[in-house]
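> need a 3D model of the following:
(one chain, ligands or ions: 1)
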Amino acid sequence: MTETPHAVVTGGAGFLGSHLVDSLLADGYRVTTLDNYGSGRPANLAHVESERFESREHDVRDEFPDFDRVDEVYHMASRASPDDFASHAVEIALTNSEGTRNAIECALAHDATLLLASTSEVYGDPEVHPQHEEYNGNVNVRGPRAPYDESKRFGEALAVAYDQQYDVEVRTVRIFNTYGPRMRPDDGRVIPNFLSQALRGDDLTVYGDGTQTRSFCYVDDLIAGIRAVVAADRDVAGGDVFNLGNTEEGTILELAKAVLDVVDTESEITHEPLPQDDPEVRRPDISKATGALEWEPSVGLADGLERTVAAFEESE
Ligand SMILES: NC(=O)c1ccc[n+]([C@@H]2O[C@H](COP(=O)([O-])OP(=O)(O)OC[C@H]3O[C@@H](n4cnc5c(N)ncnc54)[C@H](O)[C@@H]3O)[C@@H](O)[C@H]2O)c1
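Numbers count the residues shown, from 1 in each chain. Next up, the predicted model:
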């Protein structure tokens, strides 16, 4: 009889982490979450009743607890909202460096596979569009987003270093904007911002003229992508990096209008100055992932927004 595989999910009480936990439990895994509840919420996991699940309060900047066995480590822990980049700059920088080191050490100790959650922010304000994995990015090392962007870049470099020196199996995903149920309404990222403004009847705040573009991926598609990267054979995905996201690109102004279409509201659109280093364009080239893995995103923006609005309304 084969033993139940054990997955450790850092940041498991967060938006993406909690959906990942659901997916792993549904597939029969034993799952342990490590979270300091900084930006995540125990409520995101309150629905879980499985005996195969354990949540632990733990800061990943500290050495991981001892485990009897670990098969997969999903390193999702990190605040990800631009609203936190200044107020939690050091915490973010260390979570993505020391925390990533601890996650890799855990994988090394147990001969486990590590999934590293990186970000499209490693491309900075890109001069190449759409962004493919070979593009090295345009990041301002001293800018306001640097604690997040540069620590994610360092985390990737550290993973490559461990792979080269100790042969640790690290697979990296660069996640592009993802949204869905369980995002905090006050999270500070654009979709929860717009949705909560619309639901309150407040005007939607668009930074700049709103012509900057983004591509938004629905959470179920993203989680399916992460699972496909980890499930792939070593010769397909071992030690490699994959962009994951949705290629449907639109302006922020179009997004605001799409939100006004799905929420019954009197809200209108207002403009505020664009923050420094805000990327002008953002769209993933996902051909590497769709070519190598059995994965492609399938939920369109209108459909995904409707599902997210329904969840936001329910949780009010
Ligand atoms: N959602 C996106 O669009 C997106 C895009 C790119 C990358 N990512 C990455 O995906 C991961 C998850 O993001 P999310 O959107 O779910 O954000 P989130 O804030 O909802 O989740 C992050 C989780 O990590 C926990 N955490 C933060 N620092 C920690 C620490 N030092 N120790 C233990 N736990 C800690 C938080 O409490 C939270 O539960 C992050 O690594 C983020 O950088 C997300």
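> end to end, how far does stretch 108-125 reach?
Start-to-end span of stretch 108-125 (Cα to Cα, to the nearest Å) is 34 Å.
> what does stretch 67-77 give?
Using Cα to Cα, the end-to-end distance of stretch 67-77 comes out at 18 Å.
> quick one: name the residues of the stretch 151-300 of the chain near the ligand.
175, 177, 178 (Cβ under 6 Å from any ligand atom). Bear in mind the C-beta positions are built from the backbone N, C-alpha and C, glycine included.
> at 8 Å what do you get?
If contact is defined as Cβ under 8 Å from any ligand atom, the residues of the stretch 151-300 of the chain in contact with the ligand are 152, 174-179, 182-184, 187, 189, 217, 219, 222.
> in strands only, show me those residues.
Taking DSSP state E, the ones among those that sit in strands are 174, 175, 178, 179, 217.
> dump these into CSV; add neighbour count and pLDDT as well.
Listed next are those as CSV, based on neighbours: other Cβ atoms under 10 Å; pLDDT from 0 to 100:
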residue, neighbour count, pLDDT
174, 24, 98
175, 23, 98
178, 28, 97
179, 24, 97
217, 25, 98
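> farthest-apart pair in those residues, please.
Of all pairs drawn from these, the greatest distance, 16.6 Å, lies between 174 and 179 (Cβ to Cβ).
> go through the longest helix anywhere in the chain and flag the buried ones.
Among all segments of the chain classified by DSSP state H, the helix with the greatest residue count is helix 146-166. Within helix 146-166, the residues that count as buried by 16 or more other Cβ atoms under 10 Å are 146-156, 158-159, 162-163.
> what stretches of this protein score poorly on pLDDT?
In the predicted model of the chain, residues 1, 316 satisfy pLDDT under 70.
> try 90
Low-confidence segments of the chain, defined by pLDDT under 90: 1-3, 185-188, 275-282, 294, 313-316.
> what are the boundaries of the helices in it?
If you assign secondary structure with DSSP H, the helices in the chain sit at 15-26, 84-87, 89-95, 98-110, 146-166, 190-200, 219-231, 234-237, 252-262, 287-292, 301-314.
> is the last one up against the ligand anywhere?
No - judged by Cβ under 8 Å from any ligand atom, helix 301-314 makes no contact with the ligand; its nearest approach is 12.3 Å.
> for the nearest residue to residue 186 once chain neighbours are set aside, give me its contacts.
With sequence-adjacent residues excluded and distances taken as Cβ to Cβ, 6 or more residues apart in numbering, residue 186 is closest to residue 196, at 7.0 Å. Taking Cβ atoms under 8 Å, 6 or more residues apart in numbering, we find residue 196 in contact with 185, 186, 312.
> now do residue 196 against the ligand, distance only.
15 Å (Cβ to the nearest ligand atom, to the nearest Å).
> likewise residue 39?
3 Å.
> wait, isn't that residue in contact with residue 14?
Yes - taking contacts as Cβ atoms under 8 Å, residue 39 lies within contact range of residue 14: 6.3 Å.
> of those two, give the one with the bigger neighbour count.
residue 14 (30 against 22; other Cβ atoms under 10 Å).
> measure that one to the ligand for me?
Here residue 14 is placed at a distance of 2 Å from the ligand (Cβ to the nearest ligand atom).
> same check on residue 247?
Per Cβ to the nearest ligand atom, residue 247 is found 15 Å from the ligand.
> can you get me a residue count around that residue?
Residue 247: 17 neighbours (other Cβ under 10 Å).
> when you give positions from now on, start the count at 745
Will do, 745 is the new start, and the previous item becomes residue 991.
> for it, list the residues it contacts.
With the criterion set at Cβ under 8 Å, 6+ apart, residue 991 makes contact with 874, 959, 1027, 1028, 1029, 1030, 1041.
> how about 7 Å then?
By Cβ atoms under 7 Å, 6 or more residues apart in numbering, the residues touching residue 991 are 959, 1027, 1028, 1030.
> wait, residue 1010 sits on residue 945?
Yes - using Cβ atoms under 7 Å as the test, residue 1010 is close enough to residue 945 to be in contact (5.5 Å).
> how many neighbours does residue 914 have?
By the measure other Cβ under 10 Å, the count of residues near residue 914 is 27.
> could you find the closest non-adjacent residue to it?
Nearest residue to residue 914, sequence neighbours excluded (Cβ to Cβ, 6+ apart): residue 903, at 4.0 Å.
> distance check, that neighbour against residue 923.
26 Å (Cβ to Cβ, to the nearest Å).
> repeat that for residue 1053.
11 Å.
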